[in-house]
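*Asks:* I'll drop the sequence and a predicted model, then ask my questions.
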Amino acid sequence: MRGKESSTGGNSKWLHGLPEVRLEKCHLGVMTSEEVMEMSVLSITNTQAFDPLGTPSVDGLYDRRLGTVEVGVNCQTCGQSWAQCMGHMGHIELPCPVYNPLYFKDTLRLLQTICRRCTMLNIPNEQSDFFIAQMQLIYSGKLREMDELIQESKQYNDMEQFGVFIKEYKSKSSQNDLLEELTTSIIDVRADTVKKFYDDFFRKTLKRCCHCQSYIPVYRSERTLQILSSVRKGQKSLYHNRR
């Protein structure tokens, strides 16, 4: 970083003296409620951001415990100035559970794939076993064996024969040793495999469960606020079975 100070202009003085760190890996995910509470320095309860004099309100969105952007005013959590303080996290306690807008579409698709009666995913067991076999090979680093499994599975157009093939494969396959750390190429293959499985089964709108033949209700959403379900036209009951 110090070798690039000449190209950073006036900001080079902030880089002077900082240790050089090489980023080896980055993991992205959604924090749990416990993790949010552990990192939070205060609960945001004041709807007024500033008082009449323009000073940040206590327990508001600009509470100085969250950090400061004012010159000459230090952060009330770490005591650093606006230049050194990186900011701190607060939290807002909601009065009732809400849907995460980032995962709302996926939640809706997942509901459309779950049977209310048998609580099973509306996916044939043969396809589920095939996906699990692929993931086991991926986490064991056996990408060549996975490609061979996929190519061999293409020979079976009949679902019954495909099911027999998967059962025989599971009985012959030994317990694979999982890798302690996945390489970039393995992570890419895993992402492609999960996406294909998701596109093949979670984007379809099916009327009946493939396991118990019960009707699957119709789901619709009102923005990202709520999900409503209704019985299909001409359908007597959600649990009516075809005889």
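*Replies:* Now that the structure is in, tell me what you want to look at. Numbering: from 1, shown residues only.
*Asks:* Flag every buried residue along stretch 209-225.
*Replies:* Of the residues in stretch 209-225, those scored as buried under the neighbour-count criterion (16 or more other CB atoms under 10 Å) are 209, 211, 214-217, 224. Backbone N, C-alpha and C define where each C-beta goes, glycine included.
*Asks:* the bottom helix or strand of this protein by mean pLDDT?
*Replies:* helix 12-15 (a mean of 58; mean pLDDT, DSSP states H and E).
*Asks:* Summarise which helices and strands the helix or strand following that one is packed against.
*Replies:* Beyond helix 12-15 on the C-terminal side, the first helix or strand identified by DSSP states H and E is helix 33-39. Contacts of helix 33-39 with other secondary structure elements, assessed using 3 or more CB pairs under 8 Å, 6 or more residues apart in numbering; DSSP states H and E, are made with strand 89-91.
*Asks:* and the strand it packs on, what does it pack onto?
*Replies:* helix 33-39, strand 40-43.
*Asks:* For that strand, the averaged confidence score.
*Replies:* Per-residue pLDDT values across strand 89-91 average out to 95.
*Asks:* and it, how far out from the chain's middle?
*Replies:* Put simply, strand 89-91 sits 21 Å off its chain's centre (CA atoms, centre = their mean, to the nearest Å).
*Asks:* in it, what's buried?
*Replies:* For strand 89-91, the neighbour count (16+ other CB under 10 Å) marks G90 as buried.
*Asks:* Kindly report the same for stretch 53-73.
*Replies:* Using 16+ other CB under 10 Å as the test for burial, stretch 53-73 gives 56, 60, 62-68.
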